[in-house]
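Engineer: Have a look at this fold, sequence not included:
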Ligand code: FAD
């Protein structure tokens, strides 16, 4: 879109969108605020940083109801204005950054937890913070099956739109596994926006589509019975010992766990706020384990040659130290605070070849790549080692070489240095997200530029 067209979009938006006219708190055009609400954690990637720095929307709308969303989408469809959904803006790949200006649709005011059913299904609006949902679920005897390390800020709608898994995934798989997302309600981007319920397998039409094929307005999310947890830090002399022990605990069904994270030395030394709870120079494993198994795990760790610098009860998200704040993609954040040259990759290993694959990586890249492993149950129930390795960035070519090397050696890579759904590694091979985009967003106005395989259609959408 040319600059002239972008200015025209602003001129249309400046007059206000019908349901929000005159409400400055819910229709924002102040440049600094629009800039802030147009950005996410894209700067994690040294490749995306220069590409996305100048991108922003023209205005931000903060709807409070389904009817308002429909009215906004109807207006934007008629005026050909792009609309980019936003939860809390903690995504890593510029998922929520508008590439072609237009309207940022901020869902943060739609944050109701309507109900947690007797069967443990939370029925929520998309803007609910995951931390709020976890706290309320635990109050009622349930907890989230999996959540990102950004739980305090991230929204449920944003997790469905752009996330994949996290703490809890070692036992419950990712967000897309085991029918965790039971159903979701979506509003389409058409002349008369429709409200469509996706249930069962049809949720995959919308999950991880970056808001390109519908606005999620209600979610039915399966929970799991709450467990009393303990947090444990173990430290080993060698990486092999740390990995072997972590893998054993992750894979054995007898252990009730929510988190098993391995940090190659010296990654744990980057966790400065919890320095007194870790032995930074050693190879470290963090666990969230059932309180009833805390002592047994300490005994097993010591028998495997570890020291246990910290073990204690977990009492919710305000627990100090909160070990999950240093795991999953938070590990990268702490490393970047130490040295801004650090960036990361997202890898999945072959469980039968993982030791050989890790050895190959270390032999080829040495200190240029530090192993940070997370475990995740896959759809068949097997626990798979994944990694969010830290990488010392030099050039884009070198990063590409690392990705190619991983793939050539059977290591799956979801590339976090691209800004489109297809190349990010979670695009469905059966193309259901693309098919849904054709049906629900024929003009291609939802988060345009992010689903590369889509070409706008001239004909009107059909159900
Ligand atoms: P946003 O960033 O606002 O949006 C994400 C995407 O969803 C965007 O494309 C947006 O357009 C779309 N979207 C938002 N709301 C809707 C809606 N209602 N309808 C349709 N589309 C919508 N992710 C993980 O999966 N696991 C992790 O452990 C993890 N750790 C992280 C750690 C750090 C330090 C950071 C910076 C990021 C991490 N992430 C992780 C990524 C991110 O935090 C999560 O995916 C989070 O769930 C995104 O939620 P959000 O509300 O911030 O979404």
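Structural biologist: Cool, got the structure. Note that this is a predicted model, so its numbers are computed, not measured.

Engineer: Any buried residues in stretch 310-321, and which?
Structural biologist: By neighbour count with 16 or more other Cβ atoms under 10 Å, stretch 310-321 contains the buried residues 310-312, 314, 317, 321. (Each C-beta comes from the backbone N, C-alpha and C, glycine too.)

Engineer: who's in contact with the residue of the stretch 1-150 of the chain found nearest the ligand?
Structural biologist: Residue nearest to the ligand within the stretch 1-150 of the chain: residue 87 (2.4 Å; Cβ to the nearest ligand atom). Residues in contact with residue 87 (Cβ atoms under 8 Å, 6 or more residues apart in numbering) are 96, 107-108, 126-127, 154-159, 161.

Engineer: What of residue 46?
Structural biologist: Residue 46 touches 343, 393, 396, 417, counting by Cβ under 8 Å, 6+ apart.

Engineer: Now tabulate these in CSV and tack on distance to the ligand.
Structural biologist: Output for the contacts of residue 46, formatted as CSV (distance: Cβ to the nearest ligand atom, whole Å):
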residue, distance to the ligand
343, 12
393, 17
396, 21
417, 14
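
Engineer: Buried subset of these, written for PyMOL?
Structural biologist: A single PyMOL command selects the buried members of the contacts of residue 46 (16+ other Cβ under 10 Å):
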select buried, resi 343+393+417
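
Engineer: And the furthest pair within the contacts of residue 46?
Structural biologist: 343 and 396 (10.7 Å; Cβ to Cβ).

Engineer: who touches both of these two?
Structural biologist: 46, 417.

Engineer: Dump the contacts of residue 87 into TSV; add pLDDT and secondary structure as well.
Structural biologist: Compiled in TSV, the contacts of residue 87 are given as follows (pLDDT from 0 to 100; DSSP: H, G, I helix; E, B strand; the rest coil):
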residue	pLDDT	secondary structure
96	97	coil
107	98	coil
108	98	coil
126	98	coil
127	98	coil
154	98	coil
155	98	strand
156	98	helix
157	98	helix
158	98	helix
159	98	helix
161	97	helix
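
Engineer: Of those, which ones also sit close to the ligand?
Structural biologist: 96, 107, 126, 154-155, 157-159, 161 (Cβ under 6 Å from any ligand atom).

Engineer: Neighbour count for those residues - can I get that in a markdown table?
Structural biologist: Output for the ones next to the ligand among the contacts of residue 87, formatted as a markdown table (neighbours: other Cβ atoms under 10 Å):
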| residue | neighbour count |
| --- | --- |
| 96 | 30 |
| 107 | 28 |
| 126 | 27 |
| 154 | 23 |
| 155 | 30 |
| 157 | 28 |
| 158 | 31 |
| 159 | 31 |
| 161 | 27 |
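
Engineer: who touches the residue of the chain at minimum distance from the ligand in this structure?
Structural biologist: Using Cβ to the nearest ligand atom, residue 158 is the residue of the chain that sits closest to the ligand, at 2.0 Å. Taking Cβ under 8 Å, 6+ apart, we find residue 158 in contact with 86-91, 96, 126.

Engineer: From these, pick the one nearest residue 429.
Structural biologist: residue 91 (22.5 Å).

Engineer: pretty sure residue 142 contacts residue 121?
Structural biologist: No: in this structure residue 142 lies outside contact range of residue 121 using Cβ atoms under 8 Å: 9.2 Å.

Engineer: for stretch 80-91, what is the average pLDDT?
Structural biologist: Taken as a whole, stretch 80-91 carries a mean pLDDT of 97.

Engineer: Check the separation of the first and last residues in it.
Structural biologist: 26 Å (Cα to Cα, to the nearest Å).

Engineer: Just the buried positions in it, please.
Structural biologist: 81-91.

Engineer: Could you do stretch 404-413 as well?
Structural biologist: So for stretch 404-413, counting by 16+ other Cβ under 10 Å, buried means 405-406, 411, 413.

Engineer: swap in stretch 190-205?
Structural biologist: 190, 193-196, 198, 203-205.

Engineer: swap in stretch 120-139?
Structural biologist: Neighbour-count burial for stretch 120-139 [16+ other Cβ under 10 Å]: 120-134, 137-138.

Engineer: Give me the nearest residue to the residue of the stretch 1-150 of the chain closest to the ligand, chain neighbours excluded.
Structural biologist: Nearest non-adjacent residue to residue 87, counting by Cβ to Cβ, 6 or more residues apart in numbering: residue 158, 2.6 Å away.

Engineer: thinking again about what came up before, what touches both of residue 142 and residue 121?
Structural biologist: residue 223.
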